[in-house]
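[1] Pasting the sequence and the predicted coordinates here, then a few questions.
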Amino acid sequence: NTRSELAVPIKVKGRIIGTLDVQSRLTSAYDATDVTLLQALASQAGVAIDNARLHQETQLALTRTKLQAERLASLNELSEELNHAADLNHALDIAVSEALEMFEADRARVAMLTTAGDGFEVAALRGLDTDPPVGDLLPAEEGPMAKAVQEQRLVIEAGNQSADLQGTHSSMFAPLITAEGVIGTLDVEKAQPDAYAQHDGELLLQMAALLSSVIENKRLLAAAQQRVREMTILSSLSQALAGAPLQSDEIAAIICRQFVDEMGISEASVSLLEPTSGRLDILADIVIESKEYQSEHTPESFDLDDYPATARVMQTLRPEIVHASDPNADPAELAYMEKNEIETLAILPLASKGQAMGVIELEEAGQEHHFSLEEISLAVTMASQAAVSLENARLFQQSKDFAEEQSTLLGITEAVSRSLEMQELLDTALGVTLPSLGFDAGLVSLTDERKGHLYLAVHQGLPGPLARKLERDGLESTLCDHVLQTGETICIADVR
């Protein structure tokens, strides 16, 4: 029904932003006055629209400024809380709690890259009570978490589902980056599509940067504290060993007590290799019971062939940890552990100049003791320090034995030089030898060239009946006779 129509442009600062249009059922309904009036109205409308837009933009800017101020305040508060966290785990817990609240998320999580870089370990989790729990491992090959780490950037998932997100629809993943590189991610998730915008991601990145800095500082502090602790322990061990007499058994006992005290285990023993027999002699075995040291009565030695794990430590000079729950552990070690009700056995090598000289064994009977890398490193360092002291004691004993041997030989030489009569010479030599070597009795037997058998030349300390029998019957079928026939040196540890 429109017969006449008039349209004029709506301009704002010289830019056309729309039109003002009027219609009439009459023909020639508009004249120049109407045009002028409509143009004036269009101009006023342009001003009003421009003012409305400016007001809207101002309000939006104020809202964003307020939101940014609130977020900055939240970040400052978060920074304060993180820096005052008692330890790293506490800091991670604070971060996920704040992220959960700040983004109104259903779940917030921190996942750390494993040492090998082949997966993520869930380090902190808040929100939905679903898998995977804290401590669980996640794959590192694919998914938004892997992408955030590999590309070192923010990843926002608007409406996708993922197996590891347990049904959530929106998520953001921010990489945690330190001087060492990417170490993990901070992520938030929500069961609502398109829940997060770019400005949310920027805030999460800021939170991740704060957390990364705190993680690095906490790790550096923990490493420094660990180093101070190690130096204190090593200094204590050094002082204890420096004040000990140069006797292997005394030094071994000190070493055992130090390991029991510092490593928090219930028993420690020191064993040294006896080169000629290939067996390990147990010098000391200390057990802590009711906060008191107890010396354990153990076999004096054991054969390396019976314990392959111990033999392997001696060969490789690398420590080994055996847990009673490990079905793949060495059967001989497991049998020993079961017999003695041991849950964890740590075997540390003792070496001098690259050569194995023995082992230190740490045992925990109550429950399995899972040694950290720092504990193992400290234990190996302590074992190295212990090996030096044990080697010094061994060298000192060798020097002492050599000096005593030379003194004995000199005494024998001086004694026999004063006599030319055979009987007196042998008796004098035997009289010097026995006390020098700490023996109770001894004899010298010689071959009767006419009869072809041994006879008792001189003796000291033998019971009268035995001495008379040997003088009467000779030494046929005795140990001395066997040595004469074979030319071998024979040592019997226990003739009974």
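    Arrived safely, thanks for sending.
[2] can we go C-alpha only for contacts and neighbour counts from here?
    Will do.
[3] can you give me the strands in the stretch 251-400 of the chain?
    Along the stretch 251-400 of the chain, the stretches classed as strands by DSSP state E, counting those that start in this stretch are 267-274, 279-289, 292-295, 301-303, 320-323, 344-352, 355-364.
[4] Going by mean pLDDT, which of the ones you listed comes out lowest?
    Per-stretch mean pLDDT for these is lowest at strand 292-295 (a mean of 58).
[5] quick one: low-confidence ranges for this structure?
    67-68, 70, 129-132, 159-168, 289-299, 408, 411-412, 414-420, 496 (pLDDT under 70).
[6] Please enumerate the helices of it.
    32-83, 88-102, 144-151, 198-242, 248-263, 308-316, 331-339, 373-416, 422-437, 464-473, 479-486 (DSSP state H).
[7] Could you point out which of those helices sits nearest N1?
    Taking CA to CA, helix 32-83 is the member of those nearest to N1, at 20.3 Å.
[8] can you count the residues close to L317?
    Number of residues near L317 (other CA atoms under 10 Å) recorded here: 20.
[9] so it touches S352, yeah?
    No. Taking contacts as CA atoms under 8 Å, L317 lies outside contact range of S352: 10.6 Å.
[10] just to revisit the earlier point, CSV for the strands of the stretch 251-400 of the chain, including distance to E488 and mean neighbour count?
    Shown next, in CSV, are the strands of the stretch 251-400 of the chain (distance: least, CA to CA, whole Å; neighbours: other CA atoms under 10 Å):
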stretch, distance to E488, mean neighbour count
strand 267-274, 21, 24
strand 279-289, 22, 20
strand 292-295, 39, 13
strand 301-303, 25, 15
strand 320-323, 41, 20
strand 344-352, 32, 24
strand 355-364, 28, 23
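[11] Select, out of these, the one closest to I10.
    Nearest of the strands of the stretch 251-400 of the chain (CA to CA): strand 320-323, 83.9 Å.
[12] which residues touch stretch 377-396?
    230, 234, 237-238, 241, 246-248, 251-252, 255, 259, 263, 319, 348-352, 357, 360 (CA atoms under 8 Å, 6 or more residues apart in numbering).
[13] Render the CA-only coordinates of that stretch in CSV, please.
    Written as CSV, here are the backbone C-alpha positions of stretch 377-396 (Å, rounded to 0.1, in the frame of the first residue of the first chain):
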residue,chain,number,x,y,z
SER,A,377,72.7,-41.5,46.1
LEU,A,378,73.5,-40.6,49.7
ALA,A,379,73.8,-44.3,50.7
VAL,A,380,76.3,-44.9,47.8
THR,A,381,78.3,-41.8,48.9
MET,A,382,78.4,-43.1,52.5
ALA,A,383,79.4,-46.5,51.3
SER,A,384,82.3,-45.0,49.3
GLN,A,385,83.5,-43.1,52.4
ALA,A,386,83.2,-46.3,54.5
ALA,A,387,85.2,-48.2,51.9
VAL,A,388,88.1,-45.8,52.2
SER,A,389,88.2,-46.2,56.0
LEU,A,390,87.9,-50.0,55.8
GLU,A,391,90.7,-50.1,53.2
ASN,A,392,92.9,-47.9,55.4
ALA,A,393,92.2,-50.3,58.3
ARG,A,394,93.2,-53.3,56.1
LEU,A,395,96.4,-51.6,55.0
PHE,A,396,97.2,-50.7,58.6
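[14] Start at 38, not 1
    Yes, from this point I'll number from 38; that puts the last item at stretch 414-433.
[15] Report the buried residues of it.
    Neighbour counts over stretch 414-433 (16 or more other CA atoms under 10 Å) mark 415-417, 419-424, 426-428, 430 as buried.
[16] would you list these in a markdown table and tack on distance to L474?
    Formatted as a markdown table, these follow (distance: CA to CA, whole Å):
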| residue | distance to L474 |
| --- | --- |
| L415 | 42 |
| A416 | 39 |
| V417 | 38 |
| M419 | 36 |
| A420 | 34 |
| S421 | 34 |
| Q422 | 33 |
| A423 | 30 |
| A424 | 29 |
| S426 | 26 |
| L427 | 24 |
| E428 | 24 |
| A430 | 20 |
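[17] residues contacting E375?
    A361.
[18] Just name the closest of the buried residues of stretch 414-433 to V72, please.
    Nearest to V72 among these is L415, at 94.2 Å by CA to CA.
[19] Quick check: that closest one vs I384, distance?
    14 Å (CA to CA, to the nearest Å).
[20] same deal with A348?
    From A348 to I384 the distance is 10 Å (CA to CA).
[21] And L91, by the same measure?
    Counting by CA to CA, the separation of L91 from I384 is 77 Å.
[22] for L191, same thing?
    For L191 relative to I384 (CA to CA), the value is 46 Å.
[23] Kindly report the same for R146.
    Taking CA to CA, one finds R146 at 38 Å from I384.
[24] cool, P212 as well?
    40 Å.
[25] Could you do R266 as well?
    Applying CA to CA to R266 and I384 gives a distance of 22 Å.
[26] for S338, same thing?
    16 Å.
[27] Equivalent analysis for A305, please.
    Taking CA to CA, one finds A305 at 10 Å from I384.
[28] any common contacting residues for the two?
    Joint contacts of A305 and I384 (CA under 8 Å, 6+ apart) are I397, E398, L399.
[29] isn't the last one right up against E304?
    Yes. Under the criterion of CA under 8 Å, L399 makes contact with E304 at 5.9 Å.
[30] what are the bridge partners for E400, then?
    Beta-bridge partners recorded for E400 (DSSP bridges): E304, L382.
[31] err, P176, not the other one
    If you apply DSSP bridges, the partners that P176 bridges to are G156.
[32] my read: it touches G156, true?
    Yes. The criterion here is CA under 8 Å, and P176 meets it with G156 at 4.7 Å.
[33] Compare those two and say which is more crowded by neighbours.
    Each of P176 and G156 has its neighbours counted (other CA under 10 Å); G156 has more, 18 against 15.
[34] How about the contacts made by the more buried one?
    G156 makes contact with L150, L174, L175, P176, A177, E178, according to CA under 8 Å, 6+ apart.
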